[in-house]
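*Asks:* When you get a sec, could you give me coordinates for this:
(one chain, ligands or ions: 2)
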Amino acid sequence: MEINQRIATISAHLHPIKPQMAEHPILRQADCRAKGGAPGFKVAILGAAGGIGQPLAMLMKMNPLVSVLHLYDVVNAPGVTADISHMDTGAVVRGFLGQPQLENALTGMDLVIIPAGVPRKPGMTRDDLFKINAGIVKTLCEGIAKCCPNAVVNLISNPVNSTVPIAAEVFKKAGTYDPKKLLGVTMLDVVRANTFVAEVLGLDPREVNVPVVGGHAGVTILPLLSQVKPPCSFTPDEIEYLTKRIQDGGTEVVQAKAGAGSATLSMAYAAVKFADACLRGLRGDAGIVECAFVASQVTELPFFATKVRLGRAGAEEVYQLGPLNEYERVGLEKAKEELEASIQKGVSFIRK
Ligand SMILES: NC(=O)C1=CN([C@@H]2O[C@H](COP(=O)(O)OP(=O)(O)OC[C@H]3O[C@@H](n4cnc5c(N)ncnc54)[C@H](O)[C@@H]3O)[C@@H](O)[C@H]2O)C=CC1
Ligand SMILES: O=C([O-])CC(=O)C(=O)O
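*Replies:* Residues are numbered from 1 along each chain as shown. Ligands and ions are numbered 1, 2, ... in the order given. Purely as a prediction, here's the structure:
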């Protein structure tokens, strides 16, 4: 057999998106050598061709902890994969298009990041996305349960307050549920809080850390301004302004984009910041603490966002809320009321 034919045959097995690669012998050759055997973690992005997915894929390709990057979507995965794969960083990139390739996309993954699903338009709540996104998350999580049940899952798709309970129920049904490995991504709330607080205080946002607890929608987003690091104090007006701006940060972007979607670039940044923390935890680094929406006993609700310590097993420790002031205690009660309904809605979607 001709060498080029042999390479083509091997490549056809290695690369799931055949039509695109089959026309380009040089790419086939490169693909053939890309064994993905370098040390590092295997990461899949589901919804990789979307507004969040594309910059997220680019930033994950730049992450030195990633050795293999699988990009899955129901549209445009070949184009995004070809594009990202030209970046001269370590991770080997492979693309997967459509449901028949979902299992190949997921097999062997250490971390699965899910930004698949529809985004808001002006006038919509995150809960308005439930109808479409609940089914998408269910299908993707069934794939995870089957093909990479031990992977850490970072769930971005909205409404996070309901999609995380959906994922948990899917994993329970499959007998693969590990609460430590299912994390709803609320990092954008922390990123926004750090930015807005730094603006008010005249500080560098990189030096500010604001815990944001509860959930990821409206009043369920509860910034704990009494626990900001470095320690600082705010006037009542500043507290009102900051709390509202952090809670409405997503809506601010939805309105500014005027029908063209919701936060994508800041979300990709936040998702990578969070995924990187998860990977450092998996590597065994000590003292990795971030906020996430996880299975929790901190309140009477089964899921709640608080600081968690990330380690080899995922969210190894879920931290208590710490001392709250009166303003935060009132906010907590409001948050819990809405959260309870959203969690129940997610659970019922699978149990019904
Ligand atoms: N957790 C958070 O803080 C945030 C969450 N989001 C949410 O992230 C989600 C994605 O937002 P965007 O990227 O802006 O939307 P987008 O519409 O630009 O991209 C979504 C991608 O998901 C893909 N997709 C749809 N069904 C799929 C399936 N069954 N399997 C795999 N991929 C599928 C689409 O083809 C598309 O490429 C939305 O639900 C949005 O509300 C957005 C910002 C922040
Ligand atoms: O607001 C939205 O719909 C998207 C989102 O979750 C955010 O930007 O926080």
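
*Asks:* who's in contact with the closest residue to ligand 2 within the chain?
*Replies:* Nearest to ligand 2, among the residues of the chain, is Gly250, at 2.2 Å (Cβ to the nearest ligand atom). The C-beta positions use only the backbone N, C-alpha and C, and glycine is treated the same way. For Gly250, the contacting residues are 120, 126, 188, 262-263, by Cβ atoms under 8 Å, 6 or more residues apart in numbering.

*Asks:* Which members of those residues are the farthest-apart pair?
*Replies:* Taking Cβ to Cβ as the measure, the contacts of Gly250 span a maximum distance of 13.5 Å, between Arg120 and Leu188.

*Asks:* Domain parsing of this protein, as residue ranges.
*Replies:* Domain ranges of the chain: 2-184, 187-351, per automatic domain parsing.

*Asks:* Next, format those domains as a markdown table and append mean pLDDT.
*Replies:* Formatted as a markdown table, the domains of the chain follow (pLDDT from 0 to 100):
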| stretch | mean pLDDT |
| --- | --- |
| domain 2-184 | 88 |
| domain 187-351 | 98 |
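
*Asks:* got the phi/psi numbers for Gly287?
*Replies:* Main-chain torsions, Gly287, degrees, to the nearest 10: phi 70, psi 30.

*Asks:* For burial, what's the neighbour tally of it?
*Replies:* 9 (other Cβ atoms under 10 Å).

*Asks:* And the one 5 residues further on, by the same measure?
*Replies:* For Ala292, the tally of surrounding residues (other Cβ under 10 Å) stands at 29.

*Asks:* And Lys146, how far from Val298?
*Replies:* As defined by Cβ to Cβ, to the nearest Å, Lys146 lies at a distance of 31 Å from Val298.

*Asks:* For the residue nearest to Val185 when sequence neighbours are not counted, give me its contacts.
*Replies:* Sequence neighbours aside, Ile156 is the residue nearest to Val185 in space, at 4.8 Å (criterion: Cβ to Cβ, 6 or more residues apart in numbering). Contacts for Ile156 (Cβ under 8 Å, 6+ apart) come out as 52, 113-115, 185, 267, 271.

*Asks:* counting contacts, what elements does the host helix or strand of Gly331 pack onto?
*Replies:* Following DSSP states H and E, one finds Gly331 within helix 326-351. With contacts taken as 3 or more Cβ pairs under 8 Å, 6 or more residues apart in numbering; DSSP states H and E, helix 326-351 sits against helix 130-147, helix 160-174, strand 212-214, strand 221-223, helix 236-247, strand 303-311.

*Asks:* Would you format the ones you listed as TSV with distance to ligand 1 and mean neighbour count included?
*Replies:* Output for these, formatted as TSV (distance: least, Cβ to the nearest ligand atom, whole Å; neighbours: other Cβ atoms under 10 Å):
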stretch	distance to ligand 1	mean neighbour count
helix 130-147	4	19
helix 160-174	5	24
strand 212-214	11	29
strand 221-223	10	26
helix 236-247	12	16
strand 303-311	11	24
